[in-house]
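A.B. asks: no sequence for this one, just the structure:
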């Protein structure tokens with residue numbers, strides 16, 4: 001199941017972990033990495049349900065691209081608890097051009113594998129995925 005544009009396959013674990021996050025809320029976040037040698041997207045890390053958003057953003061590398069999913073809980077203005085699943089395409093300015101190109105060309109196909117994403121963000125800098133940005137996009 002390689003992507004024609006970039007030749008990247010999606011490891012089954014990527015979909016299984018996402019399903020657990022979505023249905024069982026086993027994880028707060030999942031960070032995905034493209035393994036260039038194996039030409040596939042793999043799960044690099046998961047965050048447990050108690051993980052804070054700040055812990056999650058701190059776990060993203062400062063000089064490499066990643067895909068990530070975060071299950072964000074919030075209260076509506078009426079005080080009703082809700083949750084939104086964010087897909088984040090993390091592509092820091094300091095990452096290599098080749099790295100950025102591979103992630104950009106594989107993103108849409110990979111995102112289609114994860115059924116249930118509600119909001120997508122693309123970020124090149126930590127300020128673009130700050131808690132204030134997440135809160136404003138969630139509501």
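C.D. replies: Cool, the structure landed. What you see is a predicted model, and the numbers here were worked out from it, not measured in a lab.
A.B. asks: show me the contacts for residue 55.
C.D. replies: Residue 55 makes contact with residue 47, according to CB atoms under 8 Å, 6 or more residues apart in numbering. All C-beta atoms are positioned from the backbone trio N, CA, C, and that covers glycine.
A.B. asks: ok, which stretches of the chain are helices?
C.D. replies: Ranges of helices in the chain, per DSSP state H, are 12-19, 53-58, 97-113, 131-138.
A.B. asks: Let me have those helices in JSON lines, adding mean pLDDT as columns.
C.D. replies: Shown next, in JSON lines, are these (pLDDT from 0 to 100):
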{"stretch": "helix 12-19", "mean pLDDT": "97"}
{"stretch": "helix 53-58", "mean pLDDT": "96"}
{"stretch": "helix 97-113", "mean pLDDT": "95"}
{"stretch": "helix 131-138", "mean pLDDT": "95"}
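A.B. asks: and residue 28, which of those is closest to it?
C.D. replies: Closest to residue 28 of those is helix 53-58 (CB to CB; 6.9 Å).
A.B. asks: Could you list the buried residues of the closest one?
C.D. replies: 53, 56, 57 (16 or more other CB atoms under 10 Å).
A.B. asks: want to throw the residues you listed into a markdown table with distance to residue 121?
C.D. replies: Shown next, in a markdown table, are the buried residues of helix 53-58 (distance: CB to CB, whole Å):
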| residue | distance to residue 121 |
| --- | --- |
| 53 | 12 |
| 56 | 13 |
| 57 | 11 |
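A.B. asks: any idea how far residue 21 lies from residue 127?
C.D. replies: Distance of residue 21 to residue 127, computed by CB to CB, to the nearest Å: 25 Å.
A.B. asks: Mind checking which of these two has more residues around it?
C.D. replies: Taking neighbours as other CB atoms under 10 Å, residue 21 and residue 127 compare with residue 21 leading, 23 against 9.
A.B. asks: Done for today, thanks.
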